[in-house]
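S.K.: structure, please.
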Amino acid sequence: MKKKIKLIEIAHGRSGDKGDASNVGIIARKPQYYEFLKETLTEERVAKYFEGFCDKVVRYEMPNIHALNFLLYGSLGGGGTVSLKLDAQGKTHAAALLRMEVEIDESLLS
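M.R.: Numbering: from 1, shown residues only. Next up is the predicted model:
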């Protein structure tokens, strides 16, 4: 049976700036969630979630720590010192992604 949850229930997140791109790390709370995160958080899905917010999304896999890293290019309005955005360093971008709703098989949650 499927259950709708927010990513924060199964993952941690960290984010920050890399020039004009924000760097968003999503880390599985338990190793068994990593495969689900890998299947669910595709570059396309994350790009659609942040549509109008960034130019391009690139995903990197880090299986040794059960994590995914996303670079959101063009998301910082030029970056740190030149950006007029309230969050010029992308510190809130992981929190935003962790609010994404996903459908997960309930058997994974036990």
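S.K.: pull up the pairing partners for the least confident helix or strand in the chain by mean pLDDT, direction included.
M.R.: Of all helical and strand segments in the chain, the minimum by mean pLDDT, DSSP states H and E falls on strand 11-18, at a mean of 89. Paired strands of strand 11-18, with direction, are strand 21-28 (antiparallel) (DSSP bridges).
S.K.: send me whichever helix or strand comes after the strand it pairs with as PDB with only the CA atoms.
M.R.: Using DSSP states H and E, the helix or strand that follows strand 21-28 in sequence is helix 34-40. The C-alpha trace of helix 34-40 is given here as PDB (Å, rounded to 0.1, in the frame of the first residue of the first chain):
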ATOM      1  CA  TYR A  34      18.400   5.300  -0.400                       C
ATOM      2  CA  GLU A  35      17.100   3.300  -3.400                       C
ATOM      3  CA  PHE A  36      13.700   4.900  -3.100                       C
ATOM      4  CA  LEU A  37      15.300   8.400  -3.100                       C
ATOM      5  CA  LYS A  38      17.400   7.400  -6.100                       C
ATOM      6  CA  GLU A  39      14.400   6.300  -8.100                       C
ATOM      7  CA  THR A  40      12.200   9.200  -7.000                       C
END
